[in-house]
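# Have a look at this prediction, sequence included:
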Amino acid sequence: TGDLILAGVVVGSVLVSLTSYLMLQDADRVRAVFAYTLGNLAFMGWNGVGSLALFLLFTFPLLLLLGRTLNALHLGEETARSLGLPLDKLKLLIIGLVTLLIAAAVAQAGIIGFVGLVAPHILRRLLGGDYHYLLPASALGGAVLLVLADLLARTLVAPAELPVGILTTLLGGPFFLYLLWRGRRVAW
């Protein structure tokens with residue numbers, strides 16, 4: 001787990017450097033690129049919504065079919081393997097489907113952090129851990145959270161507009177730290 005986190009930090013740092021370099025190449029577009037990297041639903045139009053709907057229609061039913069696999073993985077890899085699941089192939093499929101959904105969303109709206117962390121954790125406490133219920137609830141909960149955050153971002157500093165990614169990060173960052181603190185406290 002530590003190696004995966006470290007790899008994520010390294011990849012994130014490299015991509016931030018590349019993004020910064022590209023922004024410096026065209027000063028006229030820096031503001032648009034900066035807004036995109038902070039996440040902004042103002043870029044979205046009905047064409048973007050339609051594109052995202054196609055990705056969702058393709059991937060989400062497959063993820064729902066993998067609910068039992070996700071439930072088994074939640075119990076641990078050894079337990080899932082003892083149930084006869086071909087974990088290597090299934091994990092690759094799950095990661096591929098989720099990556100496709102995330103890439104489509106980021107391509108349309110930019111980087112809007114922590115929505116995919118906050119909504120599922122809150123809903124898991126309310127609904128339990130069964131992914132047959134948690135996946136659709138998280139999708140709807142994340143959408144509601146994003147719309148509320150966007151509404152708040154548009155009205156908080158009116159007439160200016162705060163990029164929604166800033167707001168979700170300011171709310172989600174402390175929530176993530178709380179989850180880490182709670183996890184360590186439970187482990188002790």
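Arrived safely, thanks for sending.

# The longest helix belonging to the chain packs against which elements?
Longest helix in the chain by number of residues (criterion: DSSP state H): helix 131-156. Judged by 3 or more CB pairs under 8 Å, 6 or more residues apart in numbering; DSSP states H and E, helix 131-156 is in contact with helix 46-65, helix 67-74, helix 115-127, helix 164-187. (Each C-beta comes from the backbone N, C-alpha and C, glycine too.)

# ok, and what's touching the lowest-mean-pLDDT helix or strand in the chain?
The weakest-scoring helix or strand in the chain, judged by mean pLDDT, DSSP states H and E, is helix 30-38 (a mean of 75). Residues from elsewhere that reach helix 30-38 (CB atoms under 8 Å, 6 or more residues apart in numbering): 19, 22, 23, 24, 42, 43, 110, 111, 163, 165, 166.

# 10 Å - rerun?
15-16, 19-20, 22-26, 29, 40, 42-43, 106-107, 109-113, 161-169 (CB atoms under 10 Å, 6 or more residues apart in numbering).

# Pretty sure residue 69 is one of the things residue 86 touches, is it not?
Yes: counting by CB atoms under 10 Å, residue 86 does reach residue 69; the two are 9.5 Å apart.

# okay, the two: which has more neighbours?
Legend: neighbour count by other CB atoms under 10 Å for residue 86 and residue 69, higher for residue 69 (20 against 12).

# okay, the helices and strands packed on helix 131-156 in CSV with distance to residue 7 and mean pLDDT next?
Output for the helices and strands packed on helix 131-156, formatted as CSV (distance: least, CB to CB, whole Å; pLDDT from 0 to 100):
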stretch, distance to residue 7, mean pLDDT
helix 46-65, 24, 93
helix 67-74, 20, 92
helix 115-127, 18, 93
helix 164-187, 18, 85
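
# May I see those helices arranged in CSV, with distance to residue 95 as well?
Putting the helices and strands packed on helix 131-156 into CSV (distance: least, CB to CB, whole Å) gives the following:
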stretch, distance to residue 95
helix 46-65, 11
helix 67-74, 12
helix 115-127, 14
helix 164-187, 21
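
# out of those, nearest to residue 96?
helix 46-65 (8.9 Å; CB to CB).

# Against which helices or strands is that closest one packed?
helix 67-74, helix 87-109, helix 131-156 (3 or more CB pairs under 10 Å, 6 or more residues apart in numbering; DSSP states H and E).
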